[in-house]
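A.B. asks: Next input, structure requested:
(chains A, B and C)
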Amino acid sequence: MDDLPLFSSATAPPVLIDDVPATVYEKPELNDPQRLAVENCDGPLLILAGAGSGKTRVITYRIAHLVQNGVSPFRIMALTFTNKAAAEMKERASEILRGQRVNSWISTFHSACLRILRKDADRLNYPKDFTVYDANDQSRLIKACLAELGLTDKEHPARQLGSMISRYKSAGKGPVEAENEYRAHRDEVFARVFQLYETNLQKSRCMDFDDLLAKTVTLLRDHKPVRDYYTDRFTHLMVDEFQDTNGVQYDLVKLLTGPDKNICVVGDDDQSIYRWRGAEVGNFSRFERDYHPKIIKLEQNYRSAGNILKAANAVVSKNLDRKEKKLWTGADDGELIKVYTAEDEVDEAHFVANTIKSALNEGSRSLNEFAIFYRTNSQSRTFEDALRRNGTAYKIFGGLKFYDRKEIKDILAWFKAILNPFDLVSFKRIINTPPRGVGTVTVEKLEELAVENGLPLIHAIEDEKIVDQLSLGASKKVHALAEIIGKLRAITESSPAVDAIGSALTETGYLTWLEEEEKSEARTRMENLQELENAAEEFAQTNGDTTMSAFLDHASLLSDADNVDEQAGSVKLMTVHVSKGLEFPMVFVTGLEDKIFPHARSLGDPAQMGEERRLMYVAMTRAREVLHLTHARSRRIFGVGQRNKPSEFLADIPPAVCKLDSSHPVYRPTGYEGPRKAPIYKPAVPQNRIPSGAAAPVKTEGGFAIGMKVVHKTFQVGVIRKIDGVGEKCRLTIYFPRFGEKKLIKKFAGLLQA
DNA sequence: GCCCGCGGGGTTTTT
DNA sequence: CCCCGCGGGC
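C.D. replies: Below you'll find the model as predicted:
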């Protein structure tokens, strides 16, 4: 693997080899651009940091450099997206600054904002002890709003409305903009729900995740003394993963920038994979326009072997509108990238599991050197099965987060309700959980009585005179509930959070309830609750704060308790999104098929396809030494077998850096023909034919199938998502990238195959 | 008020 | 196929 032309396309950046002594890879010192990035501390700076270019090192050394040059750590703020990144940065900064107290703010955007708001929320007509709502709470509140408007969750899914609301708020917009921007009936509903949601949120004295950012922006923008306080204190500001910032975060950063404009943002446009969530890559150019920063590019990759980098570059360089960048490495080419064509998803999983097993048997690698990536969570299942069959320890990352689990939320809701009597979502959650005979009828009656008496519901329930107005049976049950609330309130006020949680588990009857339920999940749930107590204890010890409200803040913002580094001794499984920021010696990127990765919903939309491509780039650049790419010729999707072409990304990888992997004994379902010899990477042509022949049936009707691309005279190109009914009554749900989802009657739509 | 069974829907998700 | 949430029956 030597002097072959590395890239067929003229636009692809060259990869420079052997430009730098090998020791650099082993023990990295600061290279020239890195040193510039560290030492340029005056005025605005934009660091374009390619994958694996030592970004974290640069940020931490910058902090150290500032401190050594007389800037007090007290005046430094660094903003990240994840708690993990913040923790790592904090730890490494304190290592470098041995012994010095690092009282900088190194935290996520959200916790920095929460901290700011806890101090001054009263200026926004919020109590300082407002509650933070997560996506689940938000969804419950939206459902309540829908009900209030006489609408159903069916026609307007709360989750979908929630993400629309979030998208608006991330762009700094509210219900008024929503109303102005939409005219169609469906969206009028959206604006009304949005409006009511905002009103009810305020009434509940709660903020959702997006509010934490948006309200901080309002606070800083409209209250000069507050803004002055922060811009005076923080003379040096740093922002990590700048490509992932949304509109509101950009505004926030701008408001926090002091008069000296010592602001440094770090990011990589090629790793922007959260555009769908409101991230605006345009913030890079906005930053350049607003600040005229110095620009430093970190282009030397210290992570991946040469071939991996060449392949990754080849994939991402097909995107247009990239920042000019030439990522290179001083490392050797390393092994060729292995491409495996599996018969189906079971074969794919076995190939991966067996490859890992034989590498382990050779003794050269340990369990935690392996990672398996997939595009969607549902793909994890077959890998779990295969690994389990091989007796290989594994751990899945992502998925349901600890603090999002039902049992955890059920218990914490008691304290949220007690600490904020206006938080109806939390209170309603616990009124009859576990079931104690206080049903909807009783609650409705109580709500009326509460309104009449001008009391929040939870206080009304504790008011004997009010409860006595209920029927005898109901009032007894409500009294019992009030008693629990009273006890928990007392212990919350007097004792550490751990003890309060402990007594909630027994007093509310939650543990007994779980014990009685003879379900298989009950055991895990109880273990999780035990873990909740541990978490409260641990939080108190590390933060020196035993109060419930502090723990609740922690729980709502630090939502993933799992830490990849701490899970030694297991193969790691995760979606590509979750893999961002991590690295592993041996990586398997799986499901590389048209409609899986790139995902079907991205096909036909250039912007979304660009993001899929970056996603692939992120996945590949996680690998240090060995990269396996796998795809299956057929795969069960929603229980139905489907044939998919190899992903077009496979075709983008220069043949010179990869080889077909056929060396392993694989699991062979009947009909397996052995590994293919012919080149499998033909540039993908748009898949628009109904899968035929041996393929299992896909839902079809009159020449149309789910996933098929079609052309409509008004809406142009779209992808069929759903087919309802047959013949004359056949209705097609089609997603048009430019117009959104439309339901059309086949007979009248005049559709053509794309 | 509770529980089971049906039906709908299923991309990614740092906080 | 598999998970969820709602509604109807008990």
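A.B. asks: how many neighbours does the one residue in the stretch 601-750 of chain A that gets nearest to DNA strand B have?
C.D. replies: Distance from DNA strand B to each residue of the stretch 601-750 of chain A (C-beta to the nearest atom of the strand) is smallest for A:F638, at 3.8 Å. Quick note: C-beta positions are derived from backbone N, CA and C, even for glycine. For A:F638, the neighbour count with other C-beta atoms under 10 Å is 9.
A.B. asks: any idea how far A:R436 is from the most far-flung residue of chain A relative to its centre?
C.D. replies: Residue distances from the centre of chain A (C-alpha atoms, centre = their mean) peak at A:L472, which lies 49.1 Å from the mean C-alpha position. Applying C-beta to C-beta, to the nearest Å, the value for A:L472 to A:R436 is 16 Å.
A.B. asks: Give me the mean pLDDT for stretch A:352-362.
C.D. replies: Per-region confidence: stretch A:352-362 scores 94 on mean pLDDT.
A.B. asks: Send me that stretch as CSV with only the CA atoms.
C.D. replies: Coordinates of each C-alpha in stretch A:352-362 appear next as CSV, following Å, rounded to 0.1, in the frame of the first residue of the first chain:
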residue,chain,number,x,y,z
VAL,A,352,-18.4,-9.0,14.1
ALA,A,353,-18.7,-11.2,17.2
ASN,A,354,-16.4,-13.8,15.8
THR,A,355,-13.8,-11.3,14.6
ILE,A,356,-13.7,-9.9,18.1
LYS,A,357,-13.5,-13.3,19.6
SER,A,358,-10.6,-14.4,17.5
ALA,A,359,-8.8,-11.2,18.1
LEU,A,360,-9.3,-11.8,21.8
ASN,A,361,-8.1,-15.4,21.5
GLU,A,362,-4.9,-14.2,19.8
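A.B. asks: now what about that stretch, what contacts it?
C.D. replies: If you take C-beta atoms under 8 Å, 6 or more residues apart in numbering as the criterion, stretch A:352-362 is touched by A:365-367, A:370, A:372, A:383, A:386-387, A:389-390, A:392, A:571, A:586, A:588, A:590, A:628, A:630, A:664-667.
A.B. asks: That stretch: which residues count as buried?
C.D. replies: For stretch A:352-362, burial by neighbour count (16 or more other C-beta atoms under 10 Å) applies to A:352-357, A:359-360.
A.B. asks: Mind pulling up the pLDDT for A:E155?
C.D. replies: Model confidence at A:E155, expressed as pLDDT, equals 75.
A.B. asks: SS state for it?
C.D. replies: coil (DSSP: H, G, I helix; E, B strand; the rest coil).
A.B. asks: That one - how many residues pack around it?
C.D. replies: Neighbours around A:E155, by other C-beta under 10 Å: 9.
A.B. asks: burial count for the residue of the stretch 551-700 of chain A found nearest DNA strand C?
C.D. replies: Proximity to DNA strand C, evaluated over the stretch 551-700 of chain A using C-beta to the nearest atom of the strand, is greatest for A:G639 at 2.6 Å. Number of residues near A:G639 (other C-beta under 10 Å) recorded here: 6.
A.B. asks: gap between it and A:G591?
C.D. replies: Distance from A:G639 to A:G591, counting by C-beta to C-beta: 17 Å.
A.B. asks: if I look at the nearest residue to A:L424 once chain neighbours are set aside, how far off is A:L481?
C.D. replies: Among residues not flanking A:L424 along the chain, A:S204 sits closest, at 5.8 Å (C-beta to C-beta, 6 or more residues apart in numbering). Distance of A:S204 to A:L481, given as C-beta to C-beta: 20 Å.
A.B. asks: how about the residues of the stretch 351-500 of chain A that lie near DNA strand C?
C.D. replies: Proximity of the stretch 351-500 of chain A to DNA strand C, by C-beta under 7 Å from any atom of the strand, involves residues A:R381.
A.B. asks: Show the pLDDT at the closest residue to DNA strand B within the stretch 351-500 of chain A.
C.D. replies: When distances are taken as C-beta to the nearest atom of the strand, the stretch 351-500 of chain A reaches nearest to DNA strand B at A:G439, 1.1 Å away. Per-residue confidence (pLDDT) for A:G439: 82.
A.B. asks: That concludes my questions; thank you for your assistance.
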